[in-house]
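1. Whatever this is, show me its structure:
(one chain, ligands or ions: 1)
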Amino acid sequence: MVQIALTVPVQHEFETALREAIEQRVASRIAAQDATLWGPDAEPEASIRLSWTQLADASRPLVAEIIELREQLASKGLDRVVLCGMGGSSLAPEVICDTAGVPLTVLDSSQPDMVRAAIADGLERTIVVVSSKSGGTVETDSQRRAYEQAFTDSGLDPVDHIVVVTDPGSPLDDEATKAGYRVFRADPHVGGRYSALTAFGLVPSGLAGADIGGLLDQAAGAQAALYADDADNPALRLGVLIGVANRHRVDKLVLADQTRHGVGDWIEQLVAESTGKLGKGVLPVVVPFENAVNFNPSTADSILVSIGGTDAPEAQSGYAAALDVDLGAQMLLWEVAVVVAGRIIGINPFDQPDVESAKQAARELLSGGGEVPTPDASDNGIDIYGDGSTVDDAVTALLGKLDLQHGYLAVQVYLDRIAYADFAGVREVLAQRLGRPVTFGWGPRFLHSTGQYHKGGTPNGVFLQVTGTPAEDLAVPGRDFTFGSFIDSQAAGDAAVLRDHGRPVLRLHLSDIGPGLQRVRAVLGQ
Ligand SMILES: O=P(O)(O)OC[C@H]1O[C@H](O)[C@H](O)[C@@H](O)[C@@H]1O
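-> Numbering: from 1, shown residues only. Here you go, the predicted structure:
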């Protein structure tokens, strides 16, 4: 079931763009995996990235395999599932499991306290799914190493506890095969953020107990509507709305999820990484509910989307949508909508050119190269990297750089996202204070999602980083760095690249996280 209600202030322009998309058979050509739709520059990448359009059928044989493995594992007393993976390799299972009401521990961090806490919990009944499409993501590799060590130290054989999902022939595939792990190889012609209905979405979710056959049924049931060259096609309507709004500099997409299962985080990656490049794009702003600031009240440069709603919300810009749709269908709907919007905006929705630059800067710092940043000032245990000699002044200086017509503030917090979950509420406080869109992301998780937009998208963001010294560091087995030095390099590397791109960044480093965070909250008004 897919229902969509839309409002647009430029009805004629919207209808014209919709008619063009129908005449050019955009929806059916997406279904047929036509790689020419995004222009000649995007064609080589698009030609190896479109297999997601037919996954509702192609992934079907996986279901029985996963259920069989789940039963085997359960018979051995393995019933707790931990997922190690970043971005496209963890965001889909997170929302699939939350929607299904089944527990899944998602370890998508390099924060030492968070990694230690996950590992300390119930090892003997834990099955760890290590998911990485490229097989080279350092967080995922480090988490796998930490788990292998922990299993071995506890007298458990990692082969009994680790399942791998990766693309065929990746470095992880080679290592895992040698180690004797159970390996699920995914279709390499699907990019990470479009991989929800491949083994990346289905293996962890199915092992955790979600109804993955039902999820594929939902996607299959929506295919005819989403691939129709028809004015009622909800994906075409949503994609054209986002694309047309972008022409009018309405380039923030504020998402309120009435169902409260966190689908906004999955959409956030899809939209930010697919569109945020070449100095253009759509900034997703995930808010917790419809009465949150930025949704109500909204800003003149925002499209509002109510997920699970039936009436389009009232947006100051006039651009709004309500989607009432089940999860499997919703995933396919957004994938189609985003590539439709990408065509209008004029970007390649299948690459993420600016993610690599931050990874490179982090690697340089880790290997002892690169310039290690030193604080510009220090205020009662909080190191300030930016203008201002006190935390108050530094925050005021950063916020003073915000463009009050088109700008946004991104808060990037490299702390344990379970232990300090309520700090995310600072988004609301700052949005209220500034009257501008504010996003909140946990590092390093957001680097694999909105990180692309921050560096490559419309250049009107200002960035507040919060980092902290962990309670206890943790070695990465077989590597010459620790989780602590890794996350530190990730934050510093991303800040360096943002600054190189001319984006204002303030980093506040808390040498003692508890009191430091209290102070930061007080300064920000939380
Ligand atoms: O699945 P992996 O290869 O480990 O990649 C995980 C993530 O890494 C990068 O940051 C990409 O920008 C993301 O699109 C991807 O989802």
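2. Can you name the residues of this structure sitting close to the ligand?
-> Contacts of the chain with the ligand, taken as Cβ under 6 Å from any ligand atom, map to 86-89, 132-134, 137, 140, 192-193, 273, 352, 355, 448. No exception for glycine: its C-beta is placed from N, CA and C like everyone else's.
3. Quick check on those residues: which are buried?
-> Using 16 or more other Cβ atoms under 10 Å as the burial test, these include 86-89, 132-133, 137, 140, 192-193, 273, 352, 355, 448 as buried.
4. Mark which of these are part of helices, please.
-> Among those, DSSP state H puts Thr140, Glu273, Val355 in helices.
5. And the buried ones among the residues of the chain next to the ligand, which is the shakiest by pLDDT?
-> By pLDDT, Val355 ranks lowest within these, coming in at 89.
6. Which one of the residues in the stretch 151-300 of the chain is closest to the ligand?
-> Closest residue of the stretch 151-300 of the chain to the ligand, Cβ to the nearest ligand atom: Gly192 (3.2 Å).
7. Pull the contacting residues for that residue.
-> Gly192 sits next to Gly87, Gly88, Ser89, Lys133, Phe200 when contact means Cβ atoms under 8 Å, 6 or more residues apart in numbering.
8. Run a quick neighbour tally on Ala120.
-> Counted with other Cβ atoms under 10 Å, residues neighbouring Ala120 total 9.
9. where's it relative to Phe295, distance?
-> Ala120 sits 38 Å away from Phe295, going by Cβ to Cβ, to the nearest Å.
10. what about the strands in the stretch 101-250 of the chain?
-> Using DSSP state E, counting those that start in this stretch, the strands found in the stretch 101-250 of the chain span residues 105-107, 126-132, 162-166, 182-185.
11. Please tell me how far the residue in the stretch 401-526 of the chain positioned nearest to the ligand sits from Gly461.
-> The ligand sits closest to His448 of the stretch 401-526 of the chain, with a gap of 3.5 Å, by Cβ to the nearest ligand atom. With distances taken as Cβ to Cβ, His448 is found 17 Å from Gly461.
12. What part of the protein, helix or strand, is modelled with the least confidence?
-> For the chain, the helix or strand with the lowest mean confidence is helix 355-366, at a mean of 88 (criterion: mean pLDDT, DSSP states H and E).
13. got the contact list for it?
-> 138, 273, 370, 372, 447-448, 451-452, 455, 481, 485-486, 488-490, 492-494, 496-497.
14. mind running it again at 10 Å?
-> Residues outside helix 355-366 that contact it (Cβ atoms under 10 Å, 6 or more residues apart in numbering): 87, 110, 136-138, 273, 369-373, 444, 447-449, 451-452, 454-456, 479-482, 485-498, 500-501.
15. which of the residues you listed count as buried?
-> Using 16+ other Cβ under 10 Å as the burial test, the contacts of helix 355-366 include 87, 110, 137-138, 273, 370, 373, 444, 447-449, 451-452, 454-456, 481-482, 485-498, 501 as buried.
16. mind listing which of these are in helices?
-> Taking DSSP H as the definition of helices, the buried ones among the contacts of helix 355-366 contribute 138, 273, 451-452, 454-456, 485-498.
17. I'd like the next helix or strand past the least confident helix or strand of the chain.
-> Proceeding N to C from helix 355-366, the next assigned helix or strand is strand 377-379, under DSSP states H and E.
18. could you say what helices and strands that next one packs with?
-> Applying 3 or more Cβ pairs under 10 Å, 6 or more residues apart in numbering; DSSP states H and E, we find strand 377-379 packed against strand 382-385, helix 391-399.
19. quick one on the thing from earlier: next up, the contacts around the residue of the stretch 401-526 of the chain closest to the ligand.
-> His448 sits next to 85-91, 108, 137, 139, 192-193, 269, 273, 352, 355, 359 when contact means Cβ under 10 Å, 6+ apart.
20. show me the contacts for the residue at the greatest distance from the centre of the chain.
-> Distance from the C-alpha centroid of the chain peaks at Gly155, with 35.4 Å (Cα atoms, centre = their mean). By Cβ under 10 Å, 6+ apart, the contact list for Gly155 reads Leu123, Glu124.
21. I figured Tyr227 hits Pro234, correct?
-> No. Taking contacts as Cβ atoms under 10 Å, Tyr227 lies outside contact range of Pro234: 11.4 Å.
22. Give the intersection of the neighbour lists for these two.
-> In terms of Cβ under 10 Å, 6+ apart, Tyr227 and Pro234 are both contacted by the residues Val336.
23. which of the two has more neighbours?
-> For Tyr227 and Pro234, the more surrounded residue by other Cβ under 10 Å is Pro234, and the numbers stand at 24 against 21.
24. What's opposite the nearest residue to that one once chain neighbours are set aside in the beta bridge?
-> By the measure of Cβ to Cβ, 6 or more residues apart in numbering, the closest residue to Pro234 outside its immediate chain neighbours is Ile4, 4.0 Å from it. Following DSSP bridges, Ile4 is listed with bridge partners Leu323.
25. any idea how far Glu13 is from Ile4?
-> Taking Cβ to Cβ, one finds Ile4 at 19 Å from Glu13.
26. who's more crowded, these two?
-> Counted by other Cβ under 10 Å, Ile4 and Glu13 do not tie: Ile4 has more neighbours, with 22 against 14.
27. can you list the domains in this structure?
-> With domains defined by automatic domain parsing, the chain comprises 2-37+229-345, 59-216, 355-524.
28. With distance to Leu50 added, can I get the ones you listed in JSON lines?
-> JSON lines is the format used below for the domains of the chain (distance: least, Cβ to Cβ, whole Å):
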{"stretch": "domain 2-37+229-345", "distance to Leu50": "4"}
{"stretch": "domain 59-216", "distance to Leu50": "7"}
{"stretch": "domain 355-524", "distance to Leu50": "20"}
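29. Those: which one's closest to Pro44?
-> Nearest of the domains of the chain to Pro44, taken as Cβ to Cβ: domain 2-37+229-345 at 8.1 Å.
30. Dump the C-alpha coordinates for the helix or strand containing Val411 into PDB.
-> With secondary structure defined by DSSP H and E, Val411 is part of strand 408-414. Extracted in PDB, the C-alpha atoms of strand 408-414 (Å, rounded to 0.1, in the frame of the first residue of the first chain):
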ATOM      1  CA  TYR A 408      22.100  25.400   8.400                       C
ATOM      2  CA  LEU A 409      23.900  24.200  11.500                       C
ATOM      3  CA  ALA A 410      25.200  20.600  11.700                       C
ATOM      4  CA  VAL A 411      26.000  19.300  15.200                       C
ATOM      5  CA  GLN A 412      28.400  16.400  15.000                       C
ATOM      6  CA  VAL A 413      29.000  14.400  18.200                       C
ATOM      7  CA  TYR A 414      31.700  11.800  18.500                       C
END
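31. quick revisit: dump the strands of the stretch 101-250 of the chain into JSON lines; add distance to Gln432 as well.
-> Formatted as JSON lines, the strands of the stretch 101-250 of the chain follow (distance: least, Cβ to Cβ, whole Å):
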{"stretch": "strand 105-107", "distance to Gln432": "30"}
{"stretch": "strand 126-132", "distance to Gln432": "37"}
{"stretch": "strand 162-166", "distance to Gln432": "41"}
{"stretch": "strand 182-185", "distance to Gln432": "45"}
